[in-house]
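Asker: pasting a predicted model and its sequence here:
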Amino acid sequence: MQEWIIAMLVISVLLILRDMAKTILTGRMSKKEEEFPLCEDHPQKEKVEKYAAAFQKLADTFYGMPYKKEYLSSGQITHILSETNDQVCSGCYHREICWGKQADTLCRGGEAMIRALEEGNEEETEALRIQWAGICGKSLQYLEIMREQFKKEKQNLIWTNRMIESRLAVAQQLTEISGIMGMVAKDLYDISPAEPEFQEELRKRLKRKHVVLKHAWAMDKVEGRRQVFLNLRARSGQCVSVTEISQILSEIFECTMTSAQGSRCIINGEFHTVHFVEDVSYQMLYGVSRLTREEEKVSGDNYICRQEEGGKFVMCLSDGMGSGMDACRESEIVVELLEQFLESGFSQETAARMVNSALVLKGREEMFSTVDICAIDLYTGICEFLKAGAAATFIKRDHWVEAIASESLAAGLVQRIDFDTASRKLYHGDYLIMMTDGVLDALPAEREEETMKEIIMDIQDEAPREVSRGILERVLGYSDYRARDDMTVLVANVVRK
């Protein structure tokens, strides 16, 4: 329970840090009394970097603690023998004889029996007991008590390993905190004043629109894409659309500019800072079709589709273990945490690792869900795939279909999870098709992916919703139109703007 509370606190700190970065970034630039812009040599950058180093050092301390043990230690074996001897041998009149000259033989035999119990080798255990019976007349009773003590020590080992896993989960989250603070330091202090020539040209054009420009900053964050922050207001009680400002910037930069997601739409008589970015090259149209398992009222599948800051479109699909309300809650936790982390600016892999740590720390037996993420860069069309126990994802282009498969474990099973990752370039007209394993499992065994490719190629519809519906209809034909598991098909179409 303590580790779960720590995990939630760590997650809360991460989100607060990210929101603080955004607030400070906007708030500082909107102050009228600002004397200098944020920049690479800002005096606070070094302090934030020191905070990051401190969190990393704390994480290293957790990593330095003992690691999981697969087998009982010699100390635990000695404890089992001691407890067994106290219960079986303490009142036996042969005690002095057995544990006198035969002590070494009995100790070796007792340790061998415990190791045989640990390996689950009943034949070896019984053979050792028979050997033990040549010395001890209470071998059956001794073995029975030894089994009880062995189970207790094995349970203690399981709980100890669980605590170690929890500490490693917290250590991983502290490492993520350190990384995020490093990103905050970089993101927060890499803004510089815009070129004087640009500011002068912009002031002239804005003046014609009755807009006053006070400050202008530039930030080249990702692959040279233009980003500018303008502190401005409208004159004479007028209101000016931010779209008009975007058009002016587009003319100056000779590329399409737009206001960042979540920016204000109107410039009024008060100074405000507005963030403008280079517009994306692609947009995504998506649709979904779902079926709930027979005799269940709630689907265990959940999904999200959202456009993130930085020109990313993210699709997440999660399938909870089993079906019904419990499975729905599990997958819902996964997608909600992923959405929160992605919205706060984390990468998809960092977000997935944080979610996995949270599930491990929660400590519920058999609580795990698949994680399936597709993140499309709307500037370049490059799609990054990340999977944990998820079904294959398919890409349809013209007259061929490609499958992106996964062999990794579902989230929540182990602390140090290895995600399956891949990257593909998408083009105008491509379809991205995600699905849960209930869909593929309904197809003929041993050739699920090949059959699904044939189904996808057979569909002539263009609207993503109709494509997803057509896939489900054809899959049901292979299962006598019965849904033996929850089924979800998520389809997205890449369209050039």
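Answerer: Nice, I can see it. Residues are numbered from 1 along each chain as shown.

Asker: centroid-nearest residue for the chain?
Answerer: When Cα atoms, centre = their mean is applied to the chain, the residue found nearest the centroid is residue 352 (0.7 Å).

Asker: ok, it - contacts?
Answerer: The neighbourhood of residue 352, defined by Cβ atoms under 8 Å, 6 or more residues apart in numbering, consists of 338, 371, 373, 386, 388, 411, 419. (C-beta placed from N, C-alpha, C; glycine too.)

Asker: residue 427 now?
Answerer: Taking Cβ under 8 Å, 6+ apart as the contact definition, residue 427 lies against 381, 397, 494.

Asker: buried among these? Need that as a selection in PyMOL.
Answerer: Selection of buried members from those for PyMOL, criterion 16 or more other Cβ atoms under 10 Å:
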select buried, resi 381+494
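
Asker: among the contacts of residue 427, which lie within strands?
Answerer: When DSSP state E is applied, those are split such that 397, 494 fall in strands.

Asker: tell me where the stretch 351-497 of the chain has helices.
Answerer: With DSSP state H, counting those that start in this stretch as the criterion, the stretch 351-497 of the chain has helices at 437-440, 448-458, 464-476.

Asker: can you check the chain too?
Answerer: With DSSP state H as the criterion, the chain has helices at 2-30, 43-63, 74-88, 95-98, 103-119, 122-133, 139-188, 196-208, 242-253, 324-343, 348-362, 437-440, 448-458, 464-476.

Asker: can I get those helices in TSV including mean pLDDT and distance to residue 269?
Answerer: Formatted as TSV, the entries for those read as follows, by pLDDT from 0 to 100; distance: least, Cβ to Cβ, whole Å:
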stretch	mean pLDDT	distance to residue 269
helix 2-30	51	14
helix 43-63	69	32
helix 74-88	80	75
helix 95-98	68	97
helix 103-119	78	78
helix 122-133	77	85
helix 139-188	75	29
helix 196-208	91	14
helix 242-253	92	15
helix 324-343	83	32
helix 348-362	73	40
helix 437-440	90	56
helix 448-458	93	55
helix 464-476	94	44
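
Asker: let's have the ones you listed in CSV, adding distance to residue 423.
Answerer: Formatted as CSV, the entries for the helices of the chain read as follows, by distance: least, Cβ to Cβ, whole Å:
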stretch, distance to residue 423
helix 2-30, 25
helix 43-63, 28
helix 74-88, 47
helix 95-98, 67
helix 103-119, 43
helix 122-133, 50
helix 139-188, 21
helix 196-208, 35
helix 242-253, 29
helix 324-343, 18
helix 348-362, 12
helix 437-440, 22
helix 448-458, 19
helix 464-476, 22
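
Asker: which of the contacts of residue 352 has the largest number of neighbours?
Answerer: The most neighbours of any of these, using other Cβ atoms under 10 Å, belong to residue 371, which has 32 neighbours.

Asker: which residues sit in contact with it?
Answerer: For residue 371, the residues meeting the contact criterion (Cβ under 8 Å, 6+ apart) are 316, 318, 334, 338, 352, 355-356, 386-390, 410-411, 419.

Asker: so how far is residue 439 from residue 181?
Answerer: As for residue 181, its distance to residue 439 is 41 Å (criterion: Cβ to Cβ, to the nearest Å).

Asker: those two: which is more packed in?
Answerer: Counted by other Cβ under 10 Å, residue 181 and residue 439 do not tie: residue 439 has more neighbours, with 28 against 24.

Asker: enumerate every residue touching the nearest residue to that one once chain neighbours are set aside.
Answerer: For residue 439, ignoring the flanking residues on the chain, the nearest one in space by Cβ to Cβ, 6 or more residues apart in numbering is residue 487 at 4.9 Å. Taking Cβ under 8 Å, 6+ apart, we find residue 487 in contact with 290-291, 301, 435-436, 438-439, 442, 472, 475.

Asker: top of those residues by neighbour count?
Answerer: The member of those surrounded by the most neighbours (other Cβ under 10 Å) is residue 301, with 33 neighbours in all.

Asker: tell me the contacts of the residue nearest to that residue when sequence neighbours are not counted?
Answerer: The shortest distance from residue 301 to any non-neighbouring residue, by Cβ to Cβ, 6+ apart, is to residue 488 (4.1 Å). With contacts defined as Cβ under 8 Å, 6+ apart, the neighbours of residue 488 are 288-291, 299, 301, 303, 317, 319, 435-436, 438-439.

Asker: list the buried residues in stretch 375-390.
Answerer: Of the residues in stretch 375-390, those buried under the neighbour-count criterion (16+ other Cβ under 10 Å) are 375-379, 381, 383-390.

Asker: okay, how far is it across that stretch, tip to tip?
Answerer: End-to-end distance for stretch 375-390: 15 Å, by Cα to Cα, to the nearest Å.

Asker: and it, average pLDDT?
Answerer: For stretch 375-390, mean pLDDT rounds to 91.

Asker: contact partners for residue 199?
Answerer: By Cβ under 8 Å, 6+ apart, the residues touching residue 199 are 193, 213, 216.

Asker: let's have those residues in CSV, adding pLDDT and neighbour count.
Answerer: Below are the contacts of residue 199 laid out as CSV (pLDDT from 0 to 100; neighbours: other Cβ atoms under 10 Å):
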residue, pLDDT, neighbour count
193, 84, 14
213, 91, 20
216, 90, 19
